[in-house]
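Colleague: Quick one: sequence and predicted model below, then my questions.
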Amino acid sequence: MKVAVIGGNGQLGRDVASAFADEGHVVTSLTHQEVEVSSLASVHEALGVLSPELVVNTSAFHHVEKCEADPALAFAVNGIGAHNLAQVTQETGATLIHISTDYVFDGRKNAPYTEEDAPAPLNVYGNTKLSGELFVRSTNPRHFVVRTSAIYGESPCRAKGGLNFVELMLKLSKERNELRVVDDEFVSPTPTELIARQLVGLSRSSEYGLYHATSEGSCSWFEFAAAIFELTNTRIRLEPARPGEFPAKVSRPKYSVLENRALKSKALNVFTHWKQGLENYLARREHPARLIPA
Ligand SMILES: NC(=O)c1ccc[n+]([C@@H]2O[C@H](COP(=O)([O-])OP(=O)(O)OC[C@H]3O[C@@H](n4cnc5c(N)ncnc54)[C@H](OP(=O)(O)O)[C@@H]3O)[C@@H](O)[C@H]2O)c1
């Protein structure tokens, strides 16, 4: 298959491109310099040249505070951008995999969200990502809309200044004796490598639709940090943040755990428990040679 990855040099995009290439597909990674998703002309031009059978959209304007400050730009990228990709892939008969987020939910359910639950975003980022989902679902019937959560991978997240949460905790542990981390926001930390593998699996099926795709289980950011330090034998005093210690500038869901119900019902789920995913990430980080096939 000819595959185009939008946001190809991003944290998730790089792993997605590698995963499809490893399966023998002909992959083209498109960076922001090569395609501007908010411009229909740019999307037409970039995809017209390639004529891919599958497009994977990992691009987004997803810095939550910046989205809140510039809703028009957030909608242009996350909403109109998704529409442009859906329109062009629909016209050319290509399949579109579109990445979305747990932030389409408000967190008030306090139990894992399934694909059946009604979204109710709390902020501009979540609203614009939800608009992108709806545009894709109503424009190209050959779509997979894939919501994920709290992602981390070997490539840096471009929107968040380079360091994922694991790397940030390990860096801070070298600079400080004590760390305080919020203990009242619950997520399912999900490695990009597994999301990429999941997308390859989905692309083999024609079970189009909406999917939740996150690690099994859930934890607070404090619990995630504790696991990082435990698994790396890092000595540091870790405390839960005091209530109000890190006031959020933008409303965020306190509980955005997703259940991969649709993947499981179709026997497609590849995800492991979040702690297993973390162990694998740390092992690869420690011994990168293991990545080289024998
Ligand atoms: N990070 C998380 O915890 C998280 C959680 C849930 C869902 N998600 C979703 O996961 C996806 C991937 O996130 P990520 O962490 O891999 O992000 P990332 O590292 O910031 O990568 C995003 C990529 O999109 C590109 N891009 C941004 N605006 C664009 C535009 N207007 N046109 C074309 N390309 C554009 C960026 O290029 P430049 O940097 O050059 O602009 C970058 O290559 C996003 O859809 C995000 O909403 C992320």
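Modeller: In hand now; what should we look at? Not measured: the values here are computed from a predicted model.
Colleague: For this structure, what lies in contact range of the ligand?
Modeller: With Cβ under 6 Å from any ligand atom as the criterion, the chain comes near the ligand at residues 7, 9-13, 31-32, 35-38, 58-62, 77, 81, 99, 101-102, 129, 148-151, 157-159. The way it works is simple: take the backbone N, C-alpha and C, and place the C-beta from them, glycine included.
Colleague: now do 5 Å
Modeller: 7, 9-12, 32, 36-37, 58-60, 62, 77, 99, 101, 148, 151, 157-159 (Cβ under 5 Å from any ligand atom).
Colleague: what about the closest residue to residue 228 other than its chain neighbours, how many residues close to it?
Modeller: Nearest non-adjacent residue to residue 228, counting by Cβ to Cβ, 6 or more residues apart in numbering: residue 169, 5.0 Å away. By other Cβ atoms under 10 Å, the residues close to residue 169 number 23.
Colleague: Could you list which residues are in contact with residue 169?
Modeller: By Cβ atoms under 8 Å, 6 or more residues apart in numbering, the contact list for residue 169 reads 179, 181, 225, 228, 229.
Colleague: gap between the closest residue to the ligand within the chain and residue 17?
Modeller: Per Cβ to the nearest ligand atom, residue 10 is where the chain lies closest to the ligand, at 2.3 Å. For residue 10, the distance to residue 17 (Cβ to Cβ, to the nearest Å) stands at 10 Å.
Colleague: cool, residue 200 as well?
Modeller: 11 Å.
Colleague: next one: residue 29
Modeller: Residue 29 is 5 Å from residue 17, by Cβ to Cβ.
Colleague: which residues do those two both contact?
Modeller: The contact sets of residue 29 and residue 17 overlap at 5, 8 (Cβ under 8 Å, 6+ apart).
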